[in-house]
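Visitor: Output the structure for:
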Amino acid sequence: MKLKKIVKHTNGVRHQINLKKDLLSKYNTIVKNLLEYKRCNGGRNFYGRITVRHKGSGHKKMSHKFSNFDSQYSLIIKKMYNPKTNTFVSLNFNLKQNTFFKSVSLKNSYPGSLFESKKILGDYKLGNFTLLKNLATGTIISLIALKKKISLAKSAGSFCQILEKKGQRIKIKTPSGKIISVDNSSIGTIGTVDNSLNKLTVIGKAGRNRLKGLRPSVRGIAMNPVDHPHGGKSNKGMQPVTPWGLPTKNIKTRKL
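Guide: A predicted model of the protein is given here:
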């Protein structure tokens, strides 16, 4: 993929930088049983009250049904755009079961590439996924599944690296730079997630974020005291907290 800059016609696109999607398929609804529509609740609960801030509105989106770890031998048919996330989607064909399935696209994978999925692989090449205990130290991996659910390195351009193998545990370096220990029976894919140039794009106008379902975020210090603990512009020296008074810095947020 390459970057393209929009011609300066209006202020909204004056600084806009997009990705050229000419290599992606324009027909994404051929296998309709692998598509589903999930209604967006706009960050509101059953009573219509806001429970998740900065969400709402947005364009209708079709969601892809992914199946990354079910096939043994597969062939990439085409690569498609994914409206839900910043990654691309690969439409694959299972050569043994003669069925179609979708997976997250990997860097340097193209239509016609062959992938293999086994507990013990015959060839450790790009796109193959297997147990982490079978991979060598220093291998670049992504789409790591912990407890049969993809949990690490699943956004555009992200990857992890195996640093050390010791007993039943494996130390890997996450995209944030943090080193964690996971079980050696976890599943990972060799390679990097596609669309690494996504971080260089510039939306150019607020309307593009509104179409994604993102609403404006207001600083707490710009609010009134009744709306936020930082409000009133008199609490500049306090510990940063959430609107509900919970600390936001130096507090662990995940169990790994």
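Visitor: Low-confidence stretches in the stretch 1-150 of the chain?
Guide: 68-71, 122 (pLDDT under 70).
Visitor: make it 80
Guide: 1, 8, 67-72, 118-123, 147-148 (pLDDT under 80).
Visitor: got a list of what residue 78 touches?
Guide: When contacts are counted by C-beta atoms under 8 Å, 6 or more residues apart in numbering, residue 78 touches 25, 90-91, 111. C-betas here are computed from N, CA, C, even on glycine.
Visitor: Which of those ranks first by neighbour count?
Guide: The most neighbours of any of the contacts of residue 78, using other C-beta atoms under 10 Å, belong to residue 90, which has 26 neighbours.
Visitor: Excluding sequence neighbours, find me the nearest residue to that one.
Guide: residue 105 (4.4 Å; C-beta to C-beta, 6 or more residues apart in numbering).
Visitor: for the one you found, what are its contacts?
Guide: With C-beta under 8 Å, 6+ apart, residue 105 has these contacts: 79, 87-90, 193-195.
Visitor: can you rerun that using 6 Å?
Guide: By C-beta atoms under 6 Å, 6 or more residues apart in numbering, the contact set of residue 105 is 79, 88, 90, 194.
Visitor: Of these, grab the buried ones for ChimeraX.
Guide: Here is the ChimeraX command that selects only those of those that count as buried (16 or more other C-beta atoms under 10 Å):
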select :79,88,90,194
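Visitor: Now do the strands for the stretch 51-200 of the chain: every range, in order, please.
Guide: 62-64, 73-81, 88-94, 99-104, 114-116, 129-131, 140-146, 149-152, 160-166, 169-173, 179-183, 187-190 (DSSP state E, counting those that start in this stretch).
Visitor: And for the third one, what's in contact with it?
Guide: So the one you mean is strand 88-94. Where contact means C-beta under 6 Å, 6+ apart, the residues beyond strand 88-94 that reach it are 64, 71, 74-80, 82, 100-103, 105, 194-195.
Visitor: Residue 133 contacts residue 182, correct?
Guide: No - counting by C-beta atoms under 6 Å, residue 133 does not reach residue 182; the two are 10.5 Å apart.
Visitor: Which residue comes closest to residue 229 once chain neighbours are left out?
Guide: Per C-beta to C-beta, 6+ apart, closest to residue 229 is residue 241, 5.2 Å.
Visitor: Distance-wise, check residue 29 relative to residue 83.
Guide: Per C-beta to C-beta, to the nearest Å, residue 29 is found 12 Å from residue 83.
Visitor: how far does stretch 146-155 sit from the chain's center?
Guide: Taking the mean of its C-alpha atoms, stretch 146-155 sits 10 Å from the chain's own mean (C-alpha atoms, centre = their mean, to the nearest Å).
Visitor: tell me which residues in it are buried?
Guide: 146, 150, 152-154.
Visitor: residues in contact with that stretch?
Guide: 142-144, 159-160, 175, 186.
Visitor: Of those, which pair is most distant in space?
Guide: Pairwise distances across the contacts of stretch 146-155 (C-beta to C-beta) peak at 16.1 Å, for the pair 175 and 186.
Visitor: which of these two has more neighbours?
Guide: residue 186 (19 against 16).
Visitor: Quick one: residues contacting that one.
Guide: Residue 186 neighbours (C-beta under 6 Å, 6+ apart): 132, 146.
Visitor: distance of it from residue 178?
Guide: Counting by C-beta to C-beta - residue 186 and residue 178 are separated by 16 Å.
Visitor: Residue 49 now?
Guide: 35 Å.
Visitor: Kindly report the same for residue 129.
Guide: Counting by C-beta to C-beta, the gap from residue 129 to residue 178 is 23 Å.
Visitor: Between those two, point out the one with more neighbours.
Guide: residue 129 (25 against 10).
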